[in-house]
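K.L.:
Got a predicted structure plus its sequence, pasted below:
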Amino acid sequence: MKKTVEIMVAVVYDAHVTSSSGKHEVRSYREVMTFKVPSVSADQAPIALRWAGSWPYYGDDQLTDVRVRNGHAFEPIKRQEWDMAAGVHLRLPVTADDLAKPSELPFQNLVTRMSGIPQALTKAAEVKRPGPPNPNAVRRSEREWEIERLTEWFRTSVLFVDGSIHLKSSLPVYVIETGYDTQTRKPAAQLKLEPSGGGRVKDWTRAFSATERDLALKEADAVARRFKIKEPAEPAPVEIVDPDLAHFDALPFVLAHALREAETSLARHLPKGSIESAYLFDEVRQRRSRREDPGLRSDSDLLARVRGLLTSEGAERAEEFDRSVERFDALAAERTLEGLAL
């Protein structure tokens, strides 16, 4: 099996050119280019789980295989064909041969509803002027920059698995949301599966790995009872194939959420707080700006000190801060136990 597969796609880029009348203009060009995409066998990108997918297809309830390669999730790009005899849409794998006519934008048409696609690809349908421009007229061009950027994107975000093309996605997580029932207009809790990436999860204190279904259901029921609202319905189906690969570690996201809530709570308390609260506020801000990980114990201690200070000084703090600290402590304890087990 080849380690890479070459595909051709239409790419859009801007160039600053001098027109025939001598004017300086910025023009967009479309040019067919070739990029290399990594290619692996199915056992090199095993299936972690199956679910509805990050990009649902119209009128289709088939589950999507989510594969994991080097710690990153990938989902297949599918093309749909109408089976007149069966009266249903068929989802078929996309191969390099299906992308053989880049002038017709087959790749772009397949990924129009997907997130994270570079604009150099998505804008191809809007630009008709063929490239490259006349080199004698070019003052500055983004062509080489786009080639470099797309070369890296195709290397890291696109993958061929046994000949079918996959796109980088994210593992799904259970998310508890509160709102209003669309039919009764009464308050209700909802437990649903969402991609962990792309900013779809707003509250990480109420997000659980797809492998934690029972825990997510229990917490969703507790939320419904607490707020005296309608109990959540069963979430969409998910089939766990490999629990280790399917597990999503929410700890870094919960920590970021807790630190943000800690900074917000301290900021509100500063006008009437002690000098210690000012020092602690500065410490939290510094921790949020650091990329290195000082360790779970250090972060847990910092959050505990914030919580203790706000309590001792009678400060109002958001319920979300308490919930994020409790969730962080629970996840940190699980990780500690896992480390001891190893």
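P.N.:
All right, it came through fine. Numbering: from 1, shown residues only.
K.L.:
How about Arg288, nearest residue that isn't a chain neighbour?
P.N.:
Nearest residue to Arg288, sequence neighbours excluded (Cβ to Cβ, 6 or more residues apart in numbering): Leu259, at 5.0 Å. Yep, even glycine has a C-beta here, placed from its N, CA and C like the rest.
K.L.:
what about that neighbour, how many neighbours?
P.N.:
Leu259 has 21 neighbours, counted by other Cβ atoms under 10 Å.
K.L.:
Spell out which residues sit in contact with it, please.
P.N.:
Applying Cβ atoms under 8 Å, 6 or more residues apart in numbering, we find Leu259 in contact with Val284, Arg287, Arg288, Asp299, Leu303.
K.L.:
Helix or strand for Ala48, just tell me which one.
P.N.:
Assigned by DSSP states H and E, Ala48 belongs to strand 47-51.
K.L.:
Which secondary structure elements does the longest strand along the chain sit against?
P.N.:
The residue-count maximum for a strand in the chain (DSSP state E) belongs to strand 24-40. With contacts defined as 3 or more Cβ pairs under 8 Å, 6 or more residues apart in numbering; DSSP states H and E, strand 24-40 has these neighbours: strand 4-18, helix 143-157, strand 158-161.
K.L.:
Which of those sits closest to Thr264?
P.N.:
helix 143-157 (33.7 Å; Cβ to Cβ).
K.L.:
That closest one: which residues count as buried?
P.N.:
Across helix 143-157, burial judged by 16 or more other Cβ atoms under 10 Å covers Arg143, Glu146, Ile147, Leu150, Trp153, Phe154, Ser157.
K.L.:
follow-up on the earlier one: got the helices and strands packed on strand 24-40 as TSV, with mean pLDDT and distance to Leu266 columns?
P.N.:
Output for the helices and strands packed on strand 24-40, formatted as TSV (pLDDT from 0 to 100; distance: least, Cβ to Cβ, whole Å):
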stretch	mean pLDDT	distance to Leu266
strand 4-18	93	45
helix 143-157	96	38
strand 158-161	96	43
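K.L.:
Throw these into JSON lines and include distance to Ala137, thanks.
P.N.:
JSON lines is the format used below for these (distance: least, Cβ to Cβ, whole Å):
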{"stretch": "strand 4-18", "distance to Ala137": "5"}
{"stretch": "helix 143-157", "distance to Ala137": "13"}
{"stretch": "strand 158-161", "distance to Ala137": "33"}
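K.L.:
nearest to Arg327, of the ones you listed?
P.N.:
Of all these, it is helix 143-157 that lies closest to Arg327, at 30.3 Å by Cβ to Cβ.
K.L.:
could you check the angle strand 24-40 makes with the closest one?
P.N.:
If you take axes from the mean of the first three to the mean of the last three Cα atoms, to 10 degrees, helix 143-157 sits at 30 degrees to strand 24-40.
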